[in-house]
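Enquirer: sequence unknown, structure follows:
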């Protein structure tokens, strides 16, 4: 026999129990529903798809995968060698040009409109460049170079292709990075460009939702690509550029050349050890292009789904403490 207080407590326990079971049931149903949705694919045979950054790595893998599905792929490359490789991978057309050249982007966009007869299923913004280095020795023009390719080019190309995307009720896929949700030291220009891509994607998604055009973002972790292989050696290019611009700068006292050589050698080996198969990112991009119900965001790779996702969710003060303990090198010399 329960007393009044006991009955009240039991009622609370029962309500909480049933509520928890209800929430778990809803989560299970939602999981099953999303799983079934993700397996439904569009037939993209004969559809026009634009992919940038196809010289190598993830972009080239996407060209191969989409071409095998019958898509007419426009593979935008930087070099003639890259364009030749893209054509060999199945691209219908492989122009090579500099994405930081606005006039070239406009010209290619106009030709895409003509070739696709004004109906474009998807544009995948996969091109990217990185110029790493610490903020003490990052020339300001490096920020401009990275933003030009990683942010301004996708914005301009999307804008010039919007009418064709609207006509097909297609989609835009923006390849960001885990650096677009968690900024890491030694890579400020790249991280800033990817955060800009994230904000642009959010705005674009809402604006285009009224005309049936979807927007997905891909956040790969470090993949085994030429960009990853060159990341730490590229610190040398940044350091040399700053040394030429400011040969007597105080920054050399804080970050001497002898330290740079050791830092690059040590961390290049570590990066190679954690780099993942780019197939994870390729598969996510293909899903974003072909799925009837694509995700708004894809975290590509084990580290993206675990470590970076956790860093993204945790309080900023915790994230800062973690970064300082694990990835931020201490300057070998203190400034005075």
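Expert: Now that the structure is in, tell me what you want to look at. This structure is a prediction, so every number in the text was calculated from the model and none was measured.
Enquirer: Quickly find the element holding residue 74.
Expert: strand 72-76 (DSSP states H and E).
Enquirer: what helices or strands is the helix or strand just after that strand leaning on?
Expert: Sequence-wise, the next helix or strand downstream of strand 72-76 (DSSP H and E) is helix 80-88. Secondary-structure packing of helix 80-88 (3 or more CB pairs under 8 Å, 6 or more residues apart in numbering; DSSP states H and E): helix 57-68, strand 72-76. Using the backbone N, CA and C atoms, a C-beta is placed for each residue, glycine as well.
Enquirer: buried set for helix 80-88?
Expert: The neighbour-count check on helix 80-88 (16 or more other CB atoms under 10 Å) flags 82, 83, 85, 86, 87 as buried.
Enquirer: With stretch 256-268 instead?
Expert: Buried residues in stretch 256-268, defined by neighbour count with 16+ other CB under 10 Å: 260, 263, 264, 267, 268.
Enquirer: confidence score at the spatially most central residue of the chain?
Expert: Centroid check for the chain by CA atoms, centre = their mean gives residue 176 as the closest residue, at 1.8 Å. Looking at residue 176, its pLDDT stands at 97.
Enquirer: Residue 193 is in contact with that one, correct?
Expert: No: between residue 176 and residue 193 there is no contact under CB atoms under 8 Å: 9.2 Å.
Enquirer: Spatially nearest residue to residue 109 (excluding sequence neighbours)?
Expert: In this structure, residue 109 finds its nearest non-sequential neighbour in residue 160, 3.6 Å apart by CB to CB, 6 or more residues apart in numbering.
Enquirer: what's around that neighbour, how many residues?
Expert: The local packing of residue 160 (other CB atoms under 10 Å) involves 18 other residues.
Enquirer: need the contact list for it.
Expert: Residue 160 makes contacts with 105, 106, 109, 110, 113, as judged by CB atoms under 8 Å, 6 or more residues apart in numbering.
Enquirer: any idea how far it lies from residue 319?
Expert: When distance is defined by CB to CB, to the nearest Å, residue 160 is 37 Å away from residue 319.
Enquirer: I'd like the next helix or strand past the helix or strand where residue 113 lies.
Expert: Element membership of residue 113, judged by DSSP H and E, is helix 102-115. Downstream of helix 102-115, the first helix or strand assigned by DSSP H and E is strand 122-125.
Enquirer: ok, back up a step: neighbour-wise, which one of the contacts of residue 160 leads?
Expert: residue 105 (23 neighbours).
Enquirer: How much space separates that one from residue 235?
Expert: 29 Å.
Enquirer: tell me the SS of the residue nearest to residue 109?
Expert: helix (DSSP: H, G, I helix; E, B strand; the rest coil).
Enquirer: residue ranges with poor pLDDT in the stretch 1-150 of the chain?
Expert: Counting by pLDDT under 70, the ranges of the stretch 1-150 of the chain that qualify are 1-6, 27, 29-39.
Enquirer: hmm, back to that, spit out the contact partners of the residue nearest to the centre of the chain.
Expert: If you count contacts by CB under 8 Å, 6+ apart, then residue 176 has 194, 197, 198, 201, 217, 218, 219 around it.
Enquirer: Narrow these to those in strands?
Expert: Members of the contacts of residue 176 lying in strands (criterion: DSSP state E): 217, 218, 219.
Enquirer: Looking at those residues, which one is closest to residue 239?
Expert: Distance to residue 239, by CB to CB, is smallest for residue 219 among these, at 28.5 Å.
Enquirer: And the helices in the stretch 101-250 of the chain?
Expert: 102-115, 140-147, 153-168, 188-209, 226-229, 234-245 (DSSP state H, counting those that start in this stretch).
Enquirer: tell me the angle the third one makes with strand 72-76.
Expert: What that stands for is helix 153-168. 170 degrees (axes from the mean of the first three to the mean of the last three CA atoms, to 10 degrees).
Enquirer: List the buried residues of helix 153-168.
Expert: 153-158, 160-162, 164-166, 168.
Enquirer: of those, closest to residue 277?
Expert: After measuring the buried residues of helix 153-168 against residue 277 - CB to CB - the closest member comes out as residue 154, at 25.0 Å.
Enquirer: picking up where we left off before, pick the one among the buried residues of helix 80-88 closest to residue 134.
Expert: When the buried residues of helix 80-88 are compared against residue 134 (criterion: CB to CB), the nearest one is residue 82, at 30.4 Å.
Enquirer: With residue 243 as the reference, measure out to the residue nearest to that closest one when sequence neighbours are not counted.
Expert: Nearest residue to residue 82 in three dimensions, chain neighbours excluded: residue 55, at 2.9 Å (CB to CB, 6+ apart). For residue 55, the distance to residue 243 (CB to CB) stands at 29 Å.
Enquirer: Same drill for those two, tell me which one is more crowded.
Expert: Taking other CB under 10 Å, residue 55 and residue 243 do not tie; residue 55 has more neighbours (23 against 15).
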